[in-house]
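[1] Sequence and predicted model, in that order:
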Amino acid sequence: MKNLPWMGLALAFAISLAASQAQAQAKDGVVLSDLASRSERYSETHVIAEDGTEVASYSLATKVLKPEALESLKNARLSYSASAQKLEVGEAYTRKADGRRIKVPPANFQVRTAGGKSGAAAVFSDWNETTVVFPDLAVGDAVVLSYKIITKIPLFPGKVSNFGSFARQTAYDDVRIVFDIPASLAVRHQARHMKLSDTLRGKRRVLEFSWQNKQPVRSERFDYSVYDPESEPGYAFSSFQSYQEIAQRYVERATVKAALTPRLRQLADKLTEGSKTPADQVKALYTWVATEITYAGNCVGIGAVVPRDLDFVLDNRMGDCKDHATLLEALLAAKGIASHQVLINAGNLYKLPEVPVLSLVNHVITYVPDVGLFLDSTDPDSPYGELPIQAQDKPVLAAVTGLPARTPPDPGRSSQLMKTTMEIAADGSVSGRVEVQASGQFGLEARRQFKSMSKDTAATLIKQYFASMQMEGEGQITYSDPKPLGEHQDYQADFKISKLFRMPGSGAFGIAPVLFSTGPVARFAQSAVAPLREHSSLCMSGKTSEQYQITLPEKVSILAVPEGIAFSNALLSYESQYRLDGRVLHVSRKLEDHLPANVCDAETLQRYKAAIEPVWNDLRQQLLYR
């Protein structure tokens, strides 16, 4: 995931959450009685000036209740931008169960600074990190820490925003978030299950959010592929009046970096040589940036919102999402093709909160009106015209009007065909061949796997795969070139497996893929036995087909052959056939999934779970022999 690392986020909040990650899960609403830790106090106070500079003070005290929490609470990591911020640590001590305070000694502060050689500026990141190691921490003790992060250079002059959520699974005795701002500063704010006080103190305005969660509750949720940040207790605070304003502020600072130079014009001409249409030119430029400019995800100082100079990007052949989008914008402009940099969330947010908060918009991509396409050149695997899954179906923040409100969802072209031919010998060993053709997301997933594979790894891949399945086997694999951008990937493999079946004698075996693939029928059917989801989740439509031709030994008698099924409904269609022709068993399975892309609500997922159960039962059928 290519995130845009906005500065100024308080990282210490993770300290009070860390010990809750391993909690056992049960029904929502059941009170947790066996806690590993407890946050006795967590507070933030943000004193903000009119120009957006800020002094943020943090204070926390977290008590260790069980040994499991010791490792996570022993260390506290504080990060900040050396070029834009300053860190000041106040109190830091272990509070023993009997009330004694053991101050963190100077040697327990591990300081890591980011910089270049001989005092030069850092290329990748100027984020410094101070790790605080609390001494003599035991069950019944508490870690106490206070510190300040002073922001000298705001991301956007005169603009601030902040967002926080608090897990219901963590015990909080006292949470307070304070914003002390000029009374003249126009802000939007939201309190979610938190108390809010709003008072004027002369020329200052103080907003205080408070919350307690002394009886945390458990949750059965296991899937966070789609998340609504407003579903948890928390707050939002922003002086941005709209998400479009965020985009406008970003584009104002990025546009100047896309200025055309002779070098960019020459490069654009070279890359589009032979391209007959504007669409061909867009494809050529996108492909070059996506495949030749590697992704470097850490921004330097104010570079968190300002792209690097394009000469630097070209010289080093690397850049983050802003650099990619800015370089592509400049190259397109050199050919007279307009484009727009737009902001999205490349995580699990498919709906942005009501209050526009900068930190929830973490990725920059490109929109080209002439071809009507969104392009994400930070992904070296997505072919022209396709977006990676994390960028699909997301709200779009644009500085101009008239652009699509969302990126397009998955086009539903994912498909796979697997053909398996194999012969079972009299001793139970098996030899055969597998052929796989994958397209769409299945093809992209397969391409990524083969793209990173060396020839030496490929030479032993089949043998190693069987070994991982506790089987003795060998084989050879060949596959189509995974390097060119595309959504198709094929492979063929010949294999031999020793003593797979119990022969001679009686037995049974199921019909399933012998080798790996990205889109088998079982990938869909496993939803039948997955835990019931009570929240929206990431989903994707597609189709898959499996064909088997299995030749059985001469002296084997077939006692029972699986029975095929066929059905179709609004969510999926499926057909299976099992036919014995002499000693040859022919099997065909075809599944077409009609789920919406890219988000399925809980009701749809529940209906799908029931609808695909017959497929799961079909896969469990076995051939009986003697």
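    Everything's here; your move.

[2] Contact partners for residue 50?
    158, 182, 184, 185 (C-beta atoms under 8 Å, 6 or more residues apart in numbering). (Glycine included, C-beta is placed from N, CA and C.)

[3] Next, count neighbours for residue 582.
    7 (other C-beta atoms under 10 Å).

[4] Over to residue 524?
    The burial count for residue 524: 24, using other C-beta under 10 Å.

[5] Distance check, it against residue 63.
    46 Å (C-beta to C-beta, to the nearest Å).

[6] Do a quick rundown of the helices in the stretch 101-250 of the chain.
    Ranges of helices in the stretch 101-250 of the chain, per DSSP state H, counting those that start in this stretch, are 243-255.

[7] ok so, going back, just the closest of the contacts of residue 50 to residue 468, please.
    residue 158 (57.2 Å; C-beta to C-beta).

[8] Next up, the contacts around the residue nearest to the closest one when sequence neighbours are not counted.
    Nearest non-adjacent residue to residue 158, counting by C-beta to C-beta, 6 or more residues apart in numbering: residue 52, 4.8 Å away. By C-beta under 8 Å, 6+ apart, the contact set of residue 52 is 151, 154, 155, 156, 157, 158, 159, 160, 239.

[9] Determine the three-state secondary structure at residue 52.
    coil (DSSP: H, G, I helix; E, B strand; the rest coil).

[10] May I have the beta-bridge partners of residue 46?
    residue 56, residue 179 (DSSP bridges).

[11] got a list of what it touches?
    Per C-beta under 8 Å, 6+ apart, neighbours of residue 46: 54, 55, 56, 57, 160, 162, 178, 179, 180.

[12] Check which helix or strand residue 448 maps to.
    Element membership for residue 448, per DSSP states H and E: helix 440-451.

[13] Can you tell me what sits against that helix?
    381-383, 386, 389, 410-416, 436, 438, 479, 482-483, 486-489, 491, 517-519, 540, 542, 544.

[14] got it, and stretch 588-596?
    Residues from elsewhere that reach stretch 588-596, judged by C-beta under 8 Å, 6+ apart: 409, 521, 524-525, 539-548, 570-577, 604, 608, 615, 618.

[15] Whichever of these end up buried, select them in PyMOL.
    Buried subset of these, written as a PyMOL selection, criterion 16 or more other C-beta atoms under 10 Å:
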select buried, resi 409+521+524+525+539+540+541+542+543+544+545+546+547+548+571+572+574+575+576+604+608+615+618
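
[16] thinking again about what came up before, can you name the next helix or strand after the helix holding residue 448?
    helix 455-468.

[17] quick one: contacts of that next one?
    Contacts of helix 455-468 (C-beta under 8 Å, 6+ apart): 453, 472-477, 479, 493, 495, 497, 515-516.

[18] And the furthest pair within those residues?
    472 and 479 (23.7 Å).

[19] Those two - which one has more neighbours?
    Shown here are residue 472 and residue 479; by other C-beta under 10 Å, residue 479 has more neighbours (18 against 13).

[20] for the closest residue to that one other than its chain neighbours, what are its contacts?
    Distance criterion C-beta to C-beta, 6+ apart; nearest residue to residue 479, sequence neighbours excluded, is residue 491 at 3.8 Å. By C-beta under 8 Å, 6+ apart, the residues touching residue 491 are 435, 436, 446, 450, 477, 478, 479, 480.

[21] Export the residues you listed to TSV and append columns for distance to residue 119.
    Formatted as TSV, these follow (distance: C-beta to C-beta, whole Å):
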residue	distance to residue 119
435	59
436	54
446	47
450	44
477	51
478	53
479	49
480	50
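
[22] Spatially nearest residue to the residue of the chain most remote from its centre (excluding sequence neighbours)?
    Distance from the centre of the chain peaks at residue 555, with 53.1 Å (C-alpha atoms, centre = their mean). Once flanking residues are discounted, residue 555 sits nearest to residue 426: 6.8 Å by C-beta to C-beta, 6+ apart.

[23] my guess is that neighbour meets residue 553, correct?
    Yes. Here residue 426 reaches residue 553: they are 4.6 Å apart, a contact under C-beta atoms under 8 Å.

[24] what is in contact with those two at once?
    Common neighbours of residue 426 and residue 553 (C-beta under 8 Å, 6+ apart) are residue 503.

[25] Out of the contacts of stretch 588-596, list just those in strands.
    Residues of the contacts of stretch 588-596 located in strands (DSSP state E): 539, 542-548, 572-577.

[26] Can I get those in JSON lines including pLDDT and distance to residue 320?
    What follows is the ones in strands among the contacts of stretch 588-596, written out as JSON lines (pLDDT from 0 to 100; distance: C-beta to C-beta, whole Å):
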{"residue": "539", "pLDDT": "93", "distance to residue 320": "29"}
{"residue": "542", "pLDDT": "94", "distance to residue 320": "31"}
{"residue": "543", "pLDDT": "97", "distance to residue 320": "36"}
{"residue": "544", "pLDDT": "98", "distance to residue 320": "36"}
{"residue": "545", "pLDDT": "98", "distance to residue 320": "40"}
{"residue": "546", "pLDDT": "98", "distance to residue 320": "41"}
{"residue": "547", "pLDDT": "98", "distance to residue 320": "45"}
{"residue": "548", "pLDDT": "98", "distance to residue 320": "47"}
{"residue": "572", "pLDDT": "97", "distance to residue 320": "40"}
{"residue": "573", "pLDDT": "98", "distance to residue 320": "43"}
{"residue": "574", "pLDDT": "98", "distance to residue 320": "44"}
{"residue": "575", "pLDDT": "98", "distance to residue 320": "47"}
{"residue": "576", "pLDDT": "98", "distance to residue 320": "48"}
{"residue": "577", "pLDDT": "98", "distance to residue 320": "51"}
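
[27] for residue 198, which residues make a bridge with it?
    Here residue 198, judged by DSSP bridges, has bridge partners residue 207.

[28] Just list the residues touching it, thanks.
    Contacts of residue 198 by C-beta under 8 Å, 6+ apart are 205, 206, 207.

[29] From these, pick the one nearest residue 586.
    residue 207 (70.5 Å).

[30] Surely the closest one touches residue 200?
    No. Assessed by C-beta under 8 Å, residue 207 is found out of contact with residue 200, at 10.7 Å.

[31] More neighbours: these two, which one.
    Neighbour count, other C-beta under 10 Å: between residue 207 and residue 200, residue 207 has more, with 19 against 9.

[32] ok, now which ones touch that one?
    Contacts of residue 207 by C-beta under 8 Å, 6+ apart are 178, 179, 181, 187, 189, 196, 197, 198, 237.

[33] Please repeat the previous calculation with a cut-off of 7 Å.
    179, 189, 196, 198, 237 (C-beta atoms under 7 Å, 6 or more residues apart in numbering).

[34] How many residues are close by the first one?
    So that's residue 179. So residue 179, with other C-beta under 10 Å, has 24 neighbours.

[35] For it, give its distance to residue 421.
    With C-beta to C-beta as the criterion, residue 179 and residue 421 are 68 Å apart.

[36] The second one now?
    Between residue 189 and residue 421 the distance is 65 Å, computed by C-beta to C-beta.

[37] again, but for the last one
    Distance from residue 237 to residue 421, counting by C-beta to C-beta: 63 Å.
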